[in-house]
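Fold the following for me, if possible:
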Amino acid sequence: MRLYQNSIAFRLMVDIEWYGNVAYRTLKIYPYPYESVKDTIQKLIRAGYIGVVKGKKSKTLRQSVKSLHITPEGRKALQELYDRLGRGRMKHEPVIYQKQKAYRANLVTTATMMIHKSTGAETFSCYEVKRYLEKANPRGSDFIKYSRFVVFWKRPSVCTVVYNFGGLNMLLNKNGERNARQAAHDYAEAGEVDMLILGDDSDTLRSILDYSLWFNQKLEKQRNHLKKVHYHINLKSNQDHGAMFLPVHYEALAVMQLMQDENWAERIAELHQEYEEEDMAVWGLLDCKIKLWLTHRKHPNHTRQDKVLILCYDWQEALVKEFFREIADQKELWIQVLTGQLVSDLFFDKIDYLPYDPYRL
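Alright, predicted model coming up:
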């Protein structure tokens, strides 16, 4: 199989070599039809250029793993193309073949790739942070040992602690995550720290919302007896008030580009306000914050108006209809769907206004 510059095959191989291990599901972040990308990967596998580390879900492996890596034949093919183009080789990460470690590497790589492809911003992987802490003290990384973060994302005046839950809600250690936030504050020299959760799709967000609903129904004394607690939003505290969720998908990259803007929160709030009418309130979900979903679902009557417009992205739409249908008898709910690209085009002055064509839930 011959490689050509700027082909899908070439771009995929360059990325896979650069990052070392790339999750198969991460192919959804490329700006090509997903079926075309999958077909290209299968051709590269048959040509012997790409290898796969596979592992089924087990007691030691939380979720199944399918990790892509470049082979010696693939490196040779890339070198031949670089020679034809007169270009030098770039550095690359080593390949991990052990399935448990490859699974963890996939989570880190997916987050890193999404940030790099959307913003080009500076990132610090959990591996880098650990090595940095151990240079100062051989046991310096112990205090983040139980954290599940994958990347620190340096944004203007804030550092985002990024998690990748894959397809399931994750069991988190409270102390470990508190220490991770402190590490983000110190290591990235950020004045503010917030949290972003990535998931394979909106099913991951649904699992977080369902667990949070269940948790918030428990009495305080019942909560204290819970030995293993998955990630959740506690409505009675400010814990993770700013926690956000994005799917591992190309559509999310436009939103991440907006998040890199230092006025991201203010501009999204202004956009929400533009859709408000005298007799209709707006429940805006465009800032991707998880707590808003729960607040509106648990306390819909905190909104004075009887009519509500729910502003959401297209990848949120199916979940919005399912999640808020339970309170459709308490409020007249309307849904306005936007794409991340549309919102991005408005922010960067490529268009003058967003559509207004809501439909009734």
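
Next, the distance between the ends of stretch 232-239.
End-to-end distance for stretch 232-239: 9 Å, by Cα to Cα, to the nearest Å.

Could you list the residues in contact with it?
If you take Cβ atoms under 8 Å, 6 or more residues apart in numbering as the criterion, stretch 232-239 is touched by 208, 211, 212, 215, 216, 240, 243, 290, 291, 294, 295, 298. Placement of C-beta: from N, CA and C, glycine included.

Selecting buried members of those in ChimeraX, what would you type?
Only the buried entries of the contacts of stretch 232-239 go into this ChimeraX selection, using 16 or more other Cβ atoms under 10 Å:
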select :208,211,212,215,240,243,290,291,294,295
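
Tabulate the contacts of stretch 232-239 (CSV), appending secondary structure, pLDDT and distance to residue 20.
As requested, the contacts of stretch 232-239 are exported to CSV (DSSP: H, G, I helix; E, B strand; the rest coil; pLDDT from 0 to 100; distance: Cβ to Cβ, whole Å):
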residue, secondary structure, pLDDT, distance to residue 20
208, helix, 94, 29
211, helix, 92, 33
212, helix, 91, 35
215, helix, 86, 37
216, helix, 87, 40
240, coil, 79, 31
243, coil, 93, 29
290, helix, 94, 31
291, helix, 93, 35
294, helix, 93, 37
295, helix, 92, 41
298, helix, 90, 43
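
buried sites along stretch 303-315?
Result for stretch 303-315 [16+ other Cβ under 10 Å]: buried residues 303, 308, 309, 310, 311, 312, 313, 315.

what about that stretch, start to end distance?
Per Cα to Cα, the first residue of stretch 303-315 is 25 Å away from its last.

pLDDT score assigned to residue 190?
Listed pLDDT for residue 190 reads 68.

all strands of the stretch 251-361 of the chain, in order?
With DSSP state E, counting those that start in this stretch, the ranges of strands along the stretch 251-361 of the chain come out as 280-284, 307-313, 332-338, 359-360.

do the stretch 51-200 of the chain as well
So, for the stretch 51-200 of the chain - with DSSP E, counting those that start in this stretch - the strands run 65-70, 123-125, 151-155, 158-164, 192-199.

Below-threshold pLDDT in the stretch 151-300 of the chain: ranges please.
For the stretch 151-300 of the chain, the stretches flagged by pLDDT under 70 are 190, 227.

where do the helices sit along it?
Ranges of helices in the stretch 151-300 of the chain, per DSSP state H, counting those that start in this stretch, are 174-187, 202-216, 220-224, 250-259, 264-274, 290-298.

and residue 110, which of the ones you listed is closest to it?
Set against residue 110 and scored by Cβ to Cβ, the helices of the stretch 151-300 of the chain come closest in helix 250-259, at 11.0 Å.

contacts for that closest one?
With contact meaning Cβ under 8 Å, 6+ apart, helix 250-259 is reached by 28-31, 114-115, 117-119, 155, 160, 196, 244, 246, 264, 267-268, 288, 313-315, 339-341, 343-344, 347.

before we move on, what about stretch 263-283?
With contact meaning Cβ under 8 Å, 6+ apart, stretch 263-283 is reached by 258, 261, 284, 286-287, 292, 296, 303-311, 334, 336, 343, 346-347, 354, 356.

Residue 199 is in contact with residue 162, correct?
No: using Cβ atoms under 8 Å, residue 162 is not in contact with residue 199, being 11.7 Å away.

So for the two, which sits in the more crowded spot?
Neighbour count, other Cβ atoms under 10 Å: between residue 162 and residue 199, residue 162 has more, with 28 against 24.

May I see the ChimeraX selection of the buried members of the contacts of helix 250-259?
Typed into ChimeraX, the line below selects the buried ones among those, using 16+ other Cβ under 10 Å:
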select :28,29,30,114,115,117,118,119,155,160,196,244,246,264,267,268,288,313,315,340,341,343,344,347
